[in-house]
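Peer 1: got a predicted structure plus its sequence, pasted below:
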Amino acid sequence: MTVTDRVEQVFIRPDGKEKVTGAGRYTADLNLTGQAHAAFRFADHPHARITRIDTATARAMPGVFAVITHVDVPEIRYGGMVSDRHLFAHDVVRWEGDVVAAVAARTPELARAAAAAIEVDYEVLDPLPDFVANAEPGAPLVHADWQSYGGSRSMGRDGNILGRSTIVKGDADAAMATADVVVRGTYRADASQGAPIEPRAVIAQWTGDKVTVWTSTQVPFAARDGVAHTLGIPQSAVRVIVPLLGGGFGSKCDFHFEGHIAALARAARRPVKLVFSRREEFIAPDHRREGMLIELETGVMRDGRIVARRGRLTLDGGAYCGEGGFFAQMAAMHACGPYVLENVNVESRLVYSTNQPSASVRAPTAPQTCWALEQHMDAIAAAIGLDGAELRRRTLIEAGAVGPAGQVFGEVGAKQALEAALELIGYDDYLRGELPDDEAIGIACGWWPSMASPSGAYVKLNGDGTGVIITGAQECGSGAVMGLPLLAAAELGMRPEDFTLHYQDTDSGPWDMGASGSQTTFNNGRAVIEAAREVRAQLLELASQQLEIDAAELELADGVVRAAGSPDVAVSIADLAGSGTPLLGKGSGELPENPPGETSSCVGVLGMETFLAPQLITHAARVKVDRQTGVVRVMEFAAAHDSGVILNRIGADGQVYGGVLMGIGQALSEATWFDEQGRQRNPGLLDYKLQTASDAPPIHIRWIEIDTPNAGPRGSKGVGEPPSVPTPGAIANGIAKVIGRPVHELPMTAERVWSVAVDSLGLEWIDTSGKDPSA
Amino acid sequence: MSVSITVTVNGITYPLDVDPHASLLHTVRDQVGLTGAKEGCDDSECGACMMLVDGRPTNACSYLAVQADGARVITVEGLAEQDGAGERLSALQRAMLSRGGVQCGFCTPGMLISATALLERTPHPSEDEIRVALSGNLCRCTGYDGIVKAVAAVADGTA
Ligand code: FES
Ligand code: FES
């Protein structure tokens, strides 16, 4: 497909009307006859051995239908790469959100009171919140017996290190010694949260041996599989339905609480409903952005050529693996970035702690790593006397460049994105000194892969010529599923509004990985197109018989099948659909393969070492810093993205506006602060500060639409995650230019910025490693 | 112990028996049966629960039902006009959709109430006034851009 094939129209999302009238139902809006309400008893200590659980008092309370603990469910472990969790803790609790027991009662208040009345005795263990210390050999183990757990061993199991991945190319040590200048930097990022505005909710109801679960998940099939696995029942006994989903941002990926509530409903012999409070929404999900320690070292020649990159990344995996196993390799790729690096040796370690588990949040690991790398790039530029934009101009990848693990890139828009962002933000004016001295422009570049995953869809036509798309894909709010009618309509010469969507029901749609990895259009779009093409062939066949014209001479447009060249010879799709012949197509589309790489020297290789149809990004931020207070304000923002061809402009722009603002939050105000025990100190929206309408700067967007090899439908890639990637880095570089020094802690709160700004006597921040950069 | 109150919600008067500690939000969602207003925090931090109480935008999660005794309450369900043909969206509702102001939609009911109150008070707000008026309503999806554009479009008659 070429760029000119794009579908250019403003498209009102099919779920729009129900959302603006209040008629749309989210999980918490549903109630079932006879339903009980659930409450959890969470761990009373972040790390402790359970010595006794007594539920008798709670069970005896009036209005309590059931109290369950680990003895009431099969002893089955679950987890992504490492099967390290049970639904209910029974030996050791490893973080404050571990679930010890669950109660079903007549009202939410009663359920909470009964959960509090459960008696749990513990032998308190030392908390292990320091993930960097936990990575040391001989450190006390978070999971003493984990060598015996099931799961994969592809990432190694060593001490507390649950995933170790390296990207090795050439000989970084030898090349480092030949560099004109070597620059080092150490960066620390705090944990942060997806923080959707909808706290999660789950309702489970058994009918016979079958359970239906309504849940606010981004991944209904993973939720179904989790229920079946942990309760030891077949997948056919579990139906997961997702009502409207009030945002997820990755934090509602993975199997979470559906198993607990299904088990509780079985014990209570009634439907059971769980709705989290905001505090629980912060504390209980095994999902948050990982805290990280990022150590980078780069050898560069005076002309900007990067001859060597060494790096060591340490990621806080928290108490359980969840689906976070691939993070180590993903972070390593972001420590390389979209640059030509001649030699690379990056090691990345995902480490257990007794903190909240980390797992996918919008572009997992990328914003923090990119924030560090892009500050590091500015330090390198300064060390060789180049402007930061010029260094990037010289080193960004282009067609033919070789990636860190040997991938040879096809056409990529990295350099075009850089130039576009510079133009949009007025970088030349800034270089000419036209900004006040408390303002500066920071830039950052980043990348993100397209994810290929199996996916499927059916398309069928109704008797009046309208249609239904039945898909396993999941809508999280981004509009990706909402855009599928555009693709079906284009294949069939129909209007997008002719289609309704049947989705988010595991008993009807084909398997799909869900709203994760920015891949719905990429994968399910392909499936819908293939299904529509089957219907197209059926329509052509019927029309050919009716019009007595060869199918090859027919075309579909404006709701009719007509003879190419003589539009009056036509039969309407409605007539064909009403003729009684079933019009039904199914599709999954052919999966593009990851580009080949050279990984013989790497360990922990999980398929992220090469990037399929990579998306390239440059962000530029004009920031204003109050040196007296450290308060930073983003005044203006430019975002240039190569996400391939944009199919739905209003939806794609919306991802940038939202993703950038989320990134500004991560840059300046959002962090989960753990106390020395590993308990969250700010599990509420007052102290965990999201950006508001008055914080948001004007954001200029430019789409670099180029033909990418192996792109998705109509040349598209993904748009959901990349907008979060370089935002904190761009802001960081702007701040450093105003105050003269970089801030190596994320978020860059007023206090942190202020202390760097006043610290004029501190250590030199560019370590030139004995080499004089001016020599 | 429960208290008898009378509340008019979207033009219909409901006699209700409520717990003295019940919030207006729970009462409208559970007893009146209108679930448009959402609970995002139960702590006056997110604005998803917003309703107009006697014309004032109010976080219904932090407002007791008994305080609303005798009040006229408007929820998001009361914003579209009803006629024989069904629901006709208000200019603001239409603009929210055409300007990309709605993604997951969880903040939307509160946003619409906040913006409706603003436009009644100040029919031609500046962009800054719009942003300040909406700053009690958190949205995690849209970056507020489409929402601010929608309100501006209604204000300048281009919705
Ligand atoms: S639920 Fe009322 S302000 Fe958040
Ligand atoms: S549209 Fe999702 S929170 Fe605003």
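Peer 2: Received it, and whenever you're ready, just let me know what you need. Residues are numbered from 1 along each chain as shown, chains lettered A, B, ... in the order given. Ligands and ions are numbered 1, 2, ... in the order given.
Peer 1: okay, CA-based contacts and neighbour counts for the rest of this
Peer 2: Noted.
Peer 1: which residues touch residue A:146?
Peer 2: residue A:84 (C-alpha atoms under 8 Å, 6 or more residues apart in numbering or on different chains).
Peer 1: again with the one 10 residues further on
Peer 2: When the contact criterion is C-alpha under 8 Å, 6+ apart, the partners of residue A:156 are A:162-164, A:604.
Peer 1: roughly how far does it sit from residue A:449?
Peer 2: Counting by C-alpha to C-alpha, to the nearest Å, the gap from residue A:156 to residue A:449 is 24 Å.
Peer 1: follow-up on the earlier one: which one of the contacts of residue A:156 has the most neighbours?
Peer 2: Within those, neighbour counts (other C-alpha atoms under 10 Å in any protein chain shown) peak at residue A:163, which reaches 28 neighbours.
Peer 1: that one reaches residue A:135, doesn't it?
Peer 2: No. In this structure residue A:163 lies outside contact range of residue A:135 using C-alpha atoms under 8 Å: 10.9 Å.
Peer 1: quickly list what's touching both of the two.
Peer 2: With C-alpha under 8 Å, 6+ apart, residue A:163 and residue A:135 have common neighbours residue A:351.
Peer 1: ligand 1 contacts on the stretch 551-700 of chain A?
Peer 2: Not one residue of the stretch 551-700 of chain A sits near ligand 1, judged by C-alpha under 6 Å from any ligand atom.
Peer 1: show me what from the stretch 551-700 of chain A comes close to chain B.
Peer 2: Applying C-alpha under 8 Å from any C-alpha of the partner chain, one finds that the stretch 551-700 of chain A approaches chain B through A:650-651, A:654-655, A:657-662, A:684-686, A:690-694, A:696.
Peer 1: now with 6 Å?
Peer 2: Applying C-alpha under 6 Å from any C-alpha of the partner chain, one finds that the stretch 551-700 of chain A approaches chain B through A:654, A:657-658, A:661, A:692-694.
Peer 1: likewise chain A?
Peer 2: Counting by C-alpha under 6 Å from any C-alpha, chain A sits next to chain B at A:19-22, A:29, A:197-198, A:246-247, A:278, A:477-478, A:654, A:657-658, A:661, A:692-694.
Peer 1: now residue B:95: which helix or strand?
Peer 2: helix B:91-98 (DSSP states H and E).
Peer 1: which residues are contacting that helix?
Peer 2: If you take C-alpha atoms under 6 Å, 6 or more residues apart in numbering or on different chains as the criterion, helix B:91-98 is touched by A:20, B:150, B:159.
Peer 1: neighbours around the second one, how many?
Peer 2: A count of nearby residues for residue B:150, using other C-alpha under 10 Å, gives 25.
Peer 1: assign it to helix, strand or coil.
Peer 2: Secondary structure for residue B:150, judged by DSSP: H, G, I helix; E, B strand; the rest coil, is helix.
Peer 1: which residues does it contact?
Peer 2: B:95-96, B:99.
Peer 1: out of those, which touch ligand 2?
Peer 2: Counting by C-alpha under 6 Å from any ligand atom, no member of the contacts of residue B:150 is near ligand 2.
Peer 1: only alpha carbons, please: show stretch A:252-267 as CSV.
Peer 2: C-alpha atoms of stretch A:252-267 as CSV (Å, rounded to 0.1, in the frame of the first residue of the first chain):
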residue,chain,number,x,y,z
LYS,A,252,-5.3,-3.2,33.1
CYS,A,253,-3.3,-5.7,31.0
ASP,A,254,-2.7,-9.1,32.4
PHE,A,255,-5.0,-11.4,34.5
HIS,A,256,-5.7,-9.6,37.8
PHE,A,257,-8.7,-10.2,40.1
GLU,A,258,-11.1,-12.2,37.9
GLY,A,259,-10.0,-15.5,39.5
HIS,A,260,-10.6,-14.2,43.0
ILE,A,261,-14.1,-13.0,42.2
ALA,A,262,-15.0,-16.1,40.3
ALA,A,263,-13.9,-18.2,43.2
LEU,A,264,-15.8,-16.0,45.6
ALA,A,265,-19.0,-16.1,43.6
ARG,A,266,-18.8,-19.9,43.6
ALA,A,267,-18.4,-20.0,47.3
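Peer 1: do the helix or strand bottoming out on mean pLDDT in chain B and chain A meet?
Peer 2: Lowest by mean pLDDT, DSSP states H and E among the helices and strands of chain B is strand B:81-83, with a mean of 83. No. Judged by C-alpha under 6 Å from any C-alpha, strand B:81-83 and chain A are separated, with a smallest distance of 10.1 Å.
Peer 1: write out the residues of chain B neighbouring ligand 2.
Peer 2: Counting by C-alpha under 6 Å from any ligand atom, the residues of chain B near ligand 2 are B:102-108, B:139-142.
Peer 1: now the stretch 101-250 of chain A against ligand 1: closest residue?
Peer 2: residue A:197 (8.6 Å; C-alpha to the nearest ligand atom).
Peer 1: what residues are up against that residue?
Peer 2: residue B:40.
Peer 1: how much space separates residue A:174 from chain B?
Peer 2: 46 Å (C-alpha to the nearest C-alpha, to the nearest Å).
Peer 1: residues in contact with the helix or strand encompassing that residue?
Peer 2: If you go by DSSP H and E, residue A:174 is part of helix A:172-178. Outside helix A:172-178, the residues that touch it by C-alpha under 6 Å, 6+ apart are A:299, A:308, A:343-345.
Peer 1: ok, the host helix or strand of residue A:500: who's next to it in the sheet?
Peer 2: Counting by DSSP H and E, the element that carries residue A:500 is strand A:499-503. Sheet pairing of strand A:499-503 (DSSP bridges) gives strand A:467-471 (parallel).
Peer 1: now the element after the strand it pairs with, going C-ward?
Peer 2: helix A:484-492.
Peer 1: and that next one, what does it pack against?
Peer 2: Judged by 3 or more C-alpha pairs under 6 Å, 6 or more residues apart in numbering or on different chains; DSSP states H and E, the packing partners of helix A:484-492 are helix A:525-547.
Peer 1: name the strands paired with the helix or strand following the helix it packs on and say parallel or antiparallel.
Peer 2: Later in the chain than helix A:525-547, the nearest helix or strand by DSSP H and E is strand A:554-557. Here strand A:554-557 has these sheet partners by DSSP bridges: strand A:560-563 (antiparallel).
Peer 1: give me phi/psi at the residue of the stretch 101-250 of chain A closest to ligand 1?
Peer 2: phi -70, psi -30 (degrees, to the nearest 10).
Peer 1: just to revisit the earlier point, among the contacts of helix A:172-178, who's most crowded?
Peer 2: residue A:299 (29 neighbours).
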